[in-house]
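just the structure for this:
(2 chains)
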Amino acid sequence: GAGVSQSPRYKVAKRGQDVALRCDPISGHVSLFWYQQALGQGPEFLTYFQNEAQLDKSGLPSDRFFAERPEGSVSTLKIQRTQQEDSAVYLCASSLSFGETEAFFGQGTRLTVV
Amino acid sequence: QQQVKQSPQSLIVQKGGISIINCAYENTAFDYFPWYQQFPGKGPALLIAIRPDVSEKKEGRFTISFNKSAKQFSLHIMDSQPGDSATYFCAASTSGSRLTFGEGTQLTVNP
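The predicted structure follows:
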C-alpha cells in the first residue's frame, strides 16, 4: 500500500511481557516518528529517526522503551516488562525529509496490558 | 508541560452550522500549525495547516485563523456535515520536527 502500515493492529499483553510493534513507513520517507496516544488524549511524542539515526528519544517514558530503524526503513518499537500504564495506541508517522512538514500517520497499534 | 491548549473538549453543532475550535500555544519557536482529523480506529490525517506569516488560510469549508501576537489559532468548519463528526487535534512544531498536539475536540454534527 501507499500509506504508513503498522502491525499488529491490536496487541494484548500480560503485565511483564515484552512486546514489539512494527512500522512500515511510506517508501522513501526519511523521517519517522513514534507517538503514544492514551485514550481520549492527543498523541504524545516518543522518538524520532532520520534514516537509521535516532536523533531524538526524549519522549520515551522509561528505559523499558526502545526503538530502532536499522536500515532506515522499517522501525520497531519495543517495550520490555510491560506495565498497565503502557496501555495506549502507538502511532507511527513518516515524512518525506527533514524539514518536510506534512507527516503521514499509520492507523496505530492498540496495546492493552492486562 | 502542556504547550498547546485546545478548547472546547467537545462540540455539538447542527448540520449546516459553523464549528469553531480554538488553540493557544506557548512556545514562540513554533512555526508550523496543522490541524488533524481523526476517526475512531484510524490514525490522525492532516486537514489543513498554516505558517505564522499569514493570518488566515482557507481550503474548501475549512479555515484556519492565526493570531501571532496572541499566540492563538483556530479552525472554522463552515456548513458542517455529519461526515465531519470526528476528533480534531491542533498541533504545533518547529519545521519538520516533532509535533506537539492539543488535547483534542470531539465534534458531533447532528443531521
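
is residue B:107 in a bridge, and if so with what?
Under DSSP bridges, the beta-bridge partners of residue B:107 are residue B:11, residue B:86.

quick one, phi/psi of residue A:97?
Torsion angles at residue A:97 (phi, psi; degrees, to the nearest 10) stand at phi -160, psi 170.

ok, it touching residue A:28?
No - applying C-beta atoms under 8 Å, one finds residue A:97 not in contact with residue A:28, separated by 9.1 Å. Using the backbone N, CA and C atoms, a C-beta is placed for each residue, glycine as well.

so the two - more neighbours on which side?
Taking other C-beta atoms under 10 Å in any protein chain shown, residue A:97 and residue A:28 do not tie; residue A:97 has more neighbours (12 against 9).

contacting residues around the closest residue to that one other than its chain neighbours?
Of all residues not flanking residue A:97 in the chain, residue A:30 sits nearest, at 4.7 Å (C-beta to C-beta, 6 or more residues apart in numbering or on different chains). Applying C-beta atoms under 8 Å, 6 or more residues apart in numbering or on different chains, one finds that residue A:30 lies in contact with A:50-51, A:72, A:95-98.

of the residues you listed, which belong to helices?
Among the contacts of residue A:30, no member falls in helices (DSSP state H).

so who does the closest residue to residue B:27 other than its chain neighbours touch?
Residue nearest to residue B:27 in three dimensions, not counting chain neighbours: residue B:3, with 5.3 Å by C-beta to C-beta, 6+ apart. Residue B:3 sits next to B:25-27, B:92, B:100 when contact means C-beta under 8 Å, 6+ apart.

state the distance from residue B:3 to residue A:109.
Taking C-beta to C-beta, to the nearest Å as the measure, residue B:3 falls 26 Å from residue A:109.

before we move on, what about residue A:95?
When distance is defined by C-beta to C-beta, residue A:95 is 20 Å away from residue A:109.

who has more neighbours, these two?
residue A:109 (22 against 19).

ok, the more buried one touching residue A:11?
Yes - with contact defined as C-beta under 8 Å, residue A:109 counts as touching residue A:11 (6.0 Å).

burial count for residue B:110?
The burial count for residue B:110: 11, using other C-beta under 10 Å.

try residue A:32
Around residue A:32 there are 28 other residues, counting by other C-beta under 10 Å.

my guess is residue A:57 contacts residue A:69, does it?
No - counting by C-beta under 8 Å, residue A:57 stays clear of residue A:69, with 11.7 Å between them.
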